[in-house]
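Colleague: I would like to see how this sequence folds:
(4 chains)
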Protein chains: 2
Amino acid sequence: MAGSVRREAGTDGVDTAVRELLLLMPRMVGRVKRIPVPEALESLSLAPRHLSLLACLLFDGPLTVNDLAARLEVAPTTVSLMVGDLSGKGVLDRREDPADRRRRIVAIAPDQHEAIAAWLAPGAEAWRRVLTPLEPEQRRLFVDTLLAYEAAVAEERER
Amino acid sequence: MAGSVRREAGTDGVDTAVRELLLLMPRMVGRVKRIPVPEALESLSLAPRHLSLLACLLFDGPLTVNDLAARLEVAPTTVSLMVGDLSGKGVLDRREDPADRRRRIVAIAPDQHEAIAAWLAPGAEAWRRVLTPLEPEQRRLFVDTLLAYEAAVAEERER
DNA sequence: CCATTTACCTTTGACATCAAAGATGCTTTG
DNA sequence: CAAAGCATCTTTGATGTCAAAGGTAAATGG
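Modeller: Numbers count the residues shown, from 1 in each chain, chains lettered A, B, ... in the order given. The predicted model follows:
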C-alpha cells in the first residue's frame, strides 16, 4: 500500500517512532508558543513570539531583516513589523548600514541584554535538563538527527 | 553568572547542544508550516495548518473538539472554526454525540481518508529517512528525549 | 552617465488564531 | 423536580502573520 502512512510490522519500530513524532510535533510547537514572559519585560509589551527573534540576535549578533527572516523561517514582513515595534520601545537598535543604505542592522539594545538572556534561560534549562543525563555521543546523535530532519523537510519542499 | 544562557566550558558539550537546539527550533516550526498541499486536496481549500488536525484524526480516530484542541495545543476556538469549515466542504464529518448532545464527534469523511493519508506520507517519509539508519535503542532514546523536552516545557509553564 | 535590473525593506489588505462572552445541554443538590 | 453549577461548543472582536504591491538604494550595462 504505497502512499500509506502505516506499514507492516518488521521495520523494527521505525513506524511506531514516526507515528509518535508526527503527533508530538504540533504539541511541541504549541507549547513553545506559550513560554511565559518575565515581569521585567512585560511592561515593554514583549510576548512569546518575540523570543526566537531575540534569541537569534543574542546568539549570533546584529543581523539584517532578511537575514533574521531566513533564520526564523518567517516572512520578512513579520520581522520588519516586529523590529519596528521593538525598536520603538527601546528593546532593539535599528540603524542603516553605512555601507549599503538599503539595509537595516538590527541589534539588541545593550541595556536590555541581560533581561533578555534571563528570559531565554528557562527554555534553555528545559533542554539542559533532558540533555544532561545523556552520554556526549548520545547528545550528538540527538542534535544531528533533529538537524537531519529539518534538512529532510527542507529538501521535500524543493520538489 | 546565574540566569545567563551560556556557561563555562567543561559541561561536556551540553551548552553547545542547547544553543544549537534553541536556534533550530523556530526553523523547524517554520518549515513544518509550509509543507505543500497535494493538488488533489487543494480544490478543497486545505492548507498546511490543517495537516496536524487531520493527522490526529487519522491516527487516533474520531475525537471531540476539546480533545483535538488539547492534543494540538491550540484554542478550542480554532478547532471549532476549522472543523466548521472543513465539514462544510465534506472533508470532515461532524455529528452530535448521541450520549451527550453538547459534544460534537469529529471524524474524517471516509472518501477522503486515502487522500489525507497520502498528504501525511511525505512528512512521515522525512522522519523515516532520518530514523531508519539508527539502532532501535537509539531511536527509542531520540523519541524519549523529545518527549521529555515537551514534558519539561509543560512543567515550566506551571510555575 | 542614464536606464534597467536587482536587492532590501515597508505598507497594505486578507486571513488565522485567540480570549472572552454567549448559547446549549448535562449533572448535582437541596 | 427545580435551580445552580459545570462542561462543551460557537460567536465575536482584537491581534499576529503573510503575500503582494510600493518605495528606495545599489549594481549592471549599454
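Colleague: does the nearest residue in space to A:Leu22 that is not next to it in sequence belong to a helix or a strand, and which?
Modeller: Counting by Cβ to Cβ, 6 or more residues apart in numbering or on different chains, B:Ala55 is the residue found nearest to A:Leu22 once chain neighbours are left out, at 5.6 Å. Where you see a C-beta, it was placed from the backbone N, CA and C, and this is true even at glycine. Element membership for B:Ala55, per DSSP states H and E: helix B:51-60.
Colleague: just A:Gln138 next, same as before
Modeller: helix A:136-158.
Colleague: follow-up on the earlier one: next structured bit after the helix holding B:Ala55?
Modeller: Following helix B:51-60 toward the C-terminus (DSSP H and E): strand B:63-64.
Colleague: Check the average confidence over that following strand, would you?
Modeller: For strand B:63-64, mean pLDDT is 98.
Colleague: Could you do stretch A:92-111 as well?
Modeller: 95.
Colleague: got the CA coordinates for it in PDB?
Modeller: This file holds the C-alpha atoms of stretch A:92-111, laid out as PDB (Å, rounded to 0.1, in the frame of the first residue of the first chain):
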ATOM      1  CA  LEU A  92      16.100  46.900  19.700                       C
ATOM      2  CA  ASP A  93      18.500  49.100  17.900                       C
ATOM      3  CA  ARG A  94      17.800  49.600  14.200                       C
ATOM      4  CA  ARG A  95      20.200  51.600  12.100                       C
ATOM      5  CA  GLU A  96      21.100  52.000   8.500                       C
ATOM      6  CA  ASP A  97      24.100  50.000   7.200                       C
ATOM      7  CA  PRO A  98      26.600  52.800   6.300                       C
ATOM      8  CA  ALA A  99      27.900  50.500   3.600                       C
ATOM      9  CA  ASP A 100      24.500  49.900   2.000                       C
ATOM     10  CA  ARG A 101      21.800  52.200   3.000                       C
ATOM     11  CA  ARG A 102      19.000  49.800   1.900                       C
ATOM     12  CA  ARG A 103      19.900  47.600   4.800                       C
ATOM     13  CA  ARG A 104      18.900  48.000   8.400                       C
ATOM     14  CA  ILE A 105      21.200  46.500  11.000                       C
ATOM     15  CA  VAL A 106      19.200  45.100  13.900                       C
ATOM     16  CA  ALA A 107      20.700  44.600  17.300                       C
ATOM     17  CA  ILE A 108      19.700  44.200  20.900                       C
ATOM     18  CA  ALA A 109      19.900  47.400  22.900                       C
ATOM     19  CA  PRO A 110      22.800  47.000  25.300                       C
ATOM     20  CA  ASP A 111      20.800  47.800  28.400                       C
END
